[in-house]
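Asks: Pasted the sequence and its predicted model underneath.
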Amino acid sequence: MNVAHQVGANVLDVDRLMWGRDVEVSLNKDGMHLSPIGHELLASSWLKSTFNI
C-alpha cells in the first residue's frame, strides 16, 4: 500500500472490502469465491475508485 501511494497507483484492497462486510454475505459457503453480493461490492468499489462515481 505504501509503494502504491508513493507512485500514485490505485489500490483495491479486496480482502479488506470483503472481510469488512459480512463474509457470509460477500463470499460463497466455500469461503473462497465471491457470492453475487460480493461481485456487486467489488464492481461498485472498482467503479468508485476508478471513476469517482
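Replies: Cool, got the structure. Numbering: from 1, shown residues only.
Asks: lowest confidence element among the helices and strands of the chain?
Replies: helix 14-19 (a mean of 87; mean pLDDT, DSSP states H and E).
Asks: State the mean pLDDT of the biggest helix by length in the chain.
Replies: Of all the segments assigned as helix in the chain under DSSP state H, the longest by residue count is helix 36-51. The predicted model assigns helix 36-51 a mean pLDDT of 91.
Asks: List the contacts of it.
Replies: Applying CB atoms under 8 Å, 6 or more residues apart in numbering, the contact partners of helix 36-51 are Asn10, Leu12, Val14, Leu17, Met18, Arg21, Val25, Ser26, Leu27, Asn28, Leu34, Ile53. Any C-beta I mention is one placed from the backbone N, CA and C, and that applies to glycine too.
Asks: and the last one, what does it touch?
Replies: This means Ile53. Counted by CB under 8 Å, 6+ apart, Ile53 has contacts Leu47.
Asks: start the count at 50, not 1, going forward
Replies: Sure thing, new numbering starts at 50, so read that last one as Ile102.
Asks: Look up how far Leu96 lies from it.
Replies: Relative to Leu96, Ile102 is positioned 5 Å away (CB to CB, to the nearest Å).
Asks: got it, and the first one?
Replies: For Asn59, the distance to Leu96 equals 12 Å [CB to CB].
Asks: Over to the fourth one?
Replies: Taking CB to CB as the measure, Leu66 and Leu96 are separated by 13 Å.
Asks: The second one now?
Replies: To Leu96, Leu61 is 11 Å away according to CB to CB.
Asks: next one: the third one
Replies: With distances defined as CB to CB, the gap from Val63 to Leu96 amounts to 14 Å.
Asks: Between these two, which is the more surrounded one?
Replies: Each of Val63 and Leu96 has its neighbours counted (other CB atoms under 10 Å); Val63 has more, 15 against 11.
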